[in-house]
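S.K.: Next one to model:
(one chain, ligands or ions: 1)
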Amino acid sequence: MEPSLAVVDSVEFLVLVDNSLDSLSSVPKHVTLEWPRLMRNGMKELSGEWQCCANHGLSLLVTARLGDISRTVLFDTGPENYVLERNSPRLGVDHAAVDGIVLSHGHWDHAGGLPAAVRLAMAASRNRPVDVFVHPGMFRQRAMTLASDTILPIKAIPSPQELEELGANVISSDRPQLIFNDFFWISGEIPRVTGYEKGFPGHLRRSEDGSSWEPDPLIMDERFLTVKVRNNGIVIFTACSHAGVVNVLRHARGSFPSTPLYGVAGGFHLSAGNEKIIPETVEDLGTFGLSVIAPGHCTGWRATNALVRAFGENVVTPSAVGKTYSL
Ligand SMILES: [Fe+2]
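M.R.: Here you go, the predicted structure:
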């Protein structure tokens, strides 16, 4: 049965953390750049001290509005506390407005800033506990196999216990969830249906007893976030797309068959070993009729260029820190 996701009047998302900055490239009308936002928040003179910083990771501040109600989700938190702490005040983020934090999957570059995100939200709201939505499979330590066959461990993400000690209210589930007035839907696990999206070869996780590494190419703890916008359709936030961005969009379309897909934003993971599936991915992305594509984080420049060539500059606006998209 189709989830009863609310139809909101609009959604806006601010790129709080991403791999890149791009303060100068022109953008279509529905996107604003970092510098006007810095000026609104007090920058009187252009300076290095006022600039945000980029780092390998992603954090999107997503606000959905219906009438005079607005609900806000912080979708991922970037790789470390510093980036979130530096960029938030410069971009004028009101962490008191953050209703909850949704973690996309258990990787450092999305979860490393969780302690700062919890602290900022609680400090801004006089210690009201902030909801943090996780999947139970996120907390096993991960590693990747390098070309030399060396195993490079990935820093463990903050545990539910650590988050609760900071004051978070941790909600752990592997199921789809409607949250915050049903303005947002968290997908649950993403079915793998395309033949060419094979996950992350060489990705490992700790065995249950902690004694060894075991293959974990599918990263099944990954979820995406959706909002349904009046007159437009479903907007999908996918942070790293280890499931494959086409699998993500197929699951979104299958979950909401009565509403067209409108936009997709986040990391499409078409870099490194996945560069070889750029042609199939771009071709299949064309079947969804998307009006807005905001590739960022792990998408990679080759895929970003291929997307712009295929769908044009009015549809594809690469993500960068400080950009705000209003849909
Ligand atoms: Fe990532």
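S.K.: Which secondary structure state is assigned to the one residue in the chain that gets nearest to the ion?
M.R.: Using CB to the ion, the point where the chain gets nearest to the ion is C240, with a distance of 3.6 Å. All C-beta spots, glycine's among them, are computed from the backbone N, C-alpha and C. State at C240, reduced to three classes by DSSP: H, G, I helix; E, B strand; the rest coil: coil.
S.K.: Around the ion, pick out the residues from the stretch 101-250 of the chain.
M.R.: Applying CB under 5 Å from the ion, we find that the stretch 101-250 of the chain lies next to the ion at D109, C240.
S.K.: now the strands for the stretch 101-250 of the chain?
M.R.: Per DSSP state E, counting those that start in this stretch, the stretch 101-250 of the chain carries strands over the ranges 131-134, 142-145, 151-154, 169-172, 177-179, 184-186, 203-206, 213-215, 225-229, 233-238.
S.K.: Which elements pack onto the first one?
M.R.: So that's strand 131-134. In terms of contacts (3 or more CB pairs under 8 Å, 6 or more residues apart in numbering; DSSP states H and E), strand 131-134 is packed against strand 100-102, strand 169-172, strand 177-179.
S.K.: could you redo the last one with a cut-off of 10 Å?
M.R.: Judged by 3 or more CB pairs under 10 Å, 6 or more residues apart in numbering; DSSP states H and E, the packing partners of strand 131-134 are strand 69-75, strand 100-102, helix 114-124, helix 160-165, strand 169-172, strand 177-179.
S.K.: Could you do the fourth one as well?
M.R.: Strand 169-172 makes packing contacts with strand 100-102, strand 131-134, helix 160-165 when contacts are defined by 3+ CB pairs under 10 Å, 6+ apart.
S.K.: mind putting these in CSV, mean neighbour count, mean pLDDT and distance to R71 included?
M.R.: Formatted as CSV, the helices and strands packed on strand 169-172 follow (neighbours: other CB atoms under 10 Å; pLDDT from 0 to 100; distance: least, CB to CB, whole Å):
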stretch, mean neighbour count, mean pLDDT, distance to R71
strand 100-102, 24, 98, 9
strand 131-134, 23, 98, 11
helix 160-165, 15, 97, 21
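S.K.: I293: which of those is closest?
M.R.: strand 100-102 (20.9 Å; CB to CB).
S.K.: That closest one pairs with which strands, and in what direction?
M.R.: strand 69-75 (parallel), strand 131-134 (parallel) (DSSP bridges).
S.K.: Not counting its own residues, what contacts that strand?
M.R.: 59-60, 62, 71-77, 111, 113-114, 117-118, 121, 130-134, 163, 168-171, 177, 179-180, 184, 186, 223-225, 237, 239 (CB atoms under 10 Å, 6 or more residues apart in numbering).
S.K.: do stretch 319-327 and the ion meet?
M.R.: No - figure legend: stretch 319-327 not in contact with the ion (CB under 5 Å from the ion); closest approach 12.6 Å.
S.K.: quick one: buried residues of that stretch?
M.R.: Within stretch 319-327, the residues that qualify as buried are S319, A320, V321, G322, K323, T324, Y325, L327, counting by 16 or more other CB atoms under 10 Å.
S.K.: Show me the residue sitting in the middle of this protein in space.
M.R.: Centrality entry for the chain: nearest residue to the mean C-alpha point is A239, 3.2 Å, by CA atoms, centre = their mean.
S.K.: thinking that one is in contact with V264, fair?
M.R.: No - look at A239 against V264 with CB atoms under 10 Å: they stay out of range, at 11.4 Å.
S.K.: what touches both of these two?
M.R.: F224.
S.K.: Next up, the contacts around Q141.
M.R.: By CB under 10 Å, 6+ apart, the neighbours of Q141 are G106, P153, I154, K155, A156, I157, L204, R205, R206, G210, W213.
S.K.: can you do 6 Å?
M.R.: With contact set as CB atoms under 6 Å, 6 or more residues apart in numbering, Q141 has these partners: A156, R206.
S.K.: ok, now E313?
M.R.: Here E313 is in contact with no residues (criterion: CB under 6 Å, 6+ apart).
S.K.: Report the distance from stretch 225-235 to the chain centre.
M.R.: Per CA atoms, centre = their mean, to the nearest Å, the displacement of stretch 225-235 from the mean C-alpha position of its chain is 16 Å.
S.K.: Kindly check the end-to-end length of that stretch for me.
M.R.: Stretch 225-235 has its terminal residues 8 Å apart, counting by CA to CA, to the nearest Å.
S.K.: re the thing from before, to D94, which of the helices and strands packed on strand 131-134 lies closest?
M.R.: Per CB to CB, nearest to D94 of the helices and strands packed on strand 131-134: helix 114-124, 6.7 Å.
S.K.: Please consider this matter closed, and thank you.
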